[in-house]
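Peer 1: what's the 3D shape of this:
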Amino acid sequence: MAPTREHITGLLLAGGRGMRMGGADKGLQTLHGEPLAGHVLKRLAPQTGALLISANRNPDIYAALGAPFGARVVADTLTDFPGPLAGLLAGLRAADTAYVLCAPCDSPWLPTDLAAQLAQALEANHADAATVTTVSALGEVSLHPVFALLRTELADDLAAFLAAGERKVRAWYARHTTVEVTFTDERAFYNVNSLQELADLERH
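Peer 2: Numbering: from 1, shown residues only. Predicted coordinates for the structure are as follows:
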């Protein structure tokens, strides 16, 4: 059977340096009066059991933001902000469930059926990981590797991958049986990369 909510820990990835936002803590930038991370938590929480927030800055603020959802804050064990895989490793290590569903903190329209779709594909393909692709109206395929459902048992392999100096998400997936699930709603996976993009969203 496909994993269900109680078997999945949600992981909000908010540990980056926000370089394209001038170093701002991206998850705490507001959209319609609420931090981006708050928008994501509201959509992630109903799909998972426990919740974790990967954050390397402002842990108290993230703890307060996650409190209504019972979310716990975890930090990278690796220094120098080595990227989303470090946050994923922290989440895999901290999770008490067999699966982790991760999503970035800057995707305010995360699909409400993300866990169900990925879980079904992971089980059907006997896969270790399930991640997302989208197809535009013009047939253009986009990859969204930080939206993923993964087996928690992959933690040791990920730690070894990072210890070897590797950082690329898709290169790590290539070491495992990974299935890509296609979604047709591109907007659901839109991520805010700059303060200008955020201002544009606020206006529209």
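
Peer 1: From here on, just use CA atoms for contacts and neighbour counts.
Peer 2: Will do.

Peer 1: Is the residue lying farthest from the centre of the chain within a helix or a strand, and which one?
Peer 2: Ranked by distance from the centre of the chain (C-alpha atoms, centre = their mean), the top residue is Leu138, with 26.5 Å. Assigned by DSSP states H and E, Leu138 falls within no helix or strand.

Peer 1: can you tell me which residues contact the closest residue in space to Trp109 that isn't next to it in sequence?
Peer 2: Distance criterion C-alpha to C-alpha, 6 or more residues apart in numbering; nearest residue to Trp109, sequence neighbours excluded, is Ala188 at 4.7 Å. Applying C-alpha atoms under 8 Å, 6 or more residues apart in numbering, we find Ala188 in contact with Ser107, Pro108, Trp109, Leu110, Pro111.

Peer 1: burial measure for the second one, as a count.
Peer 2: Residue neighbour count, defined by other C-alpha atoms under 10 Å, stands at 23 for Pro108.

Peer 1: before we move on, what about Pro46?
Peer 2: Counted with other C-alpha under 10 Å, Pro46 comes out at 15.

Peer 1: cool, and Val181?
Peer 2: Val181 has 18 nearby residues by other C-alpha under 10 Å.

Peer 1: Phi, psi for it please.
Peer 2: Per-residue torsions, Val181: phi -110, psi 130 (degrees, to the nearest 10).

Peer 1: now swap in the one 3 residues further on and tell me
Peer 2: Torsion angles at Thr184 (phi, psi; degrees, to the nearest 10) stand at phi -90, psi -10.

Peer 1: so it touches Thr134, yeah?
Peer 2: Yes. With contact defined as C-alpha atoms under 8 Å, Thr184 counts as touching Thr134 (5.6 Å).

Peer 1: quick one: which of these two has more around it?
Peer 2: Legend: neighbour count by other C-alpha under 10 Å for Thr184 and Thr134, higher for Thr134 (21 against 12).

Peer 1: and that one, how far is that from Leu13?
Peer 2: Applying C-alpha to C-alpha, to the nearest Å, the value for Thr134 to Leu13 is 20 Å.
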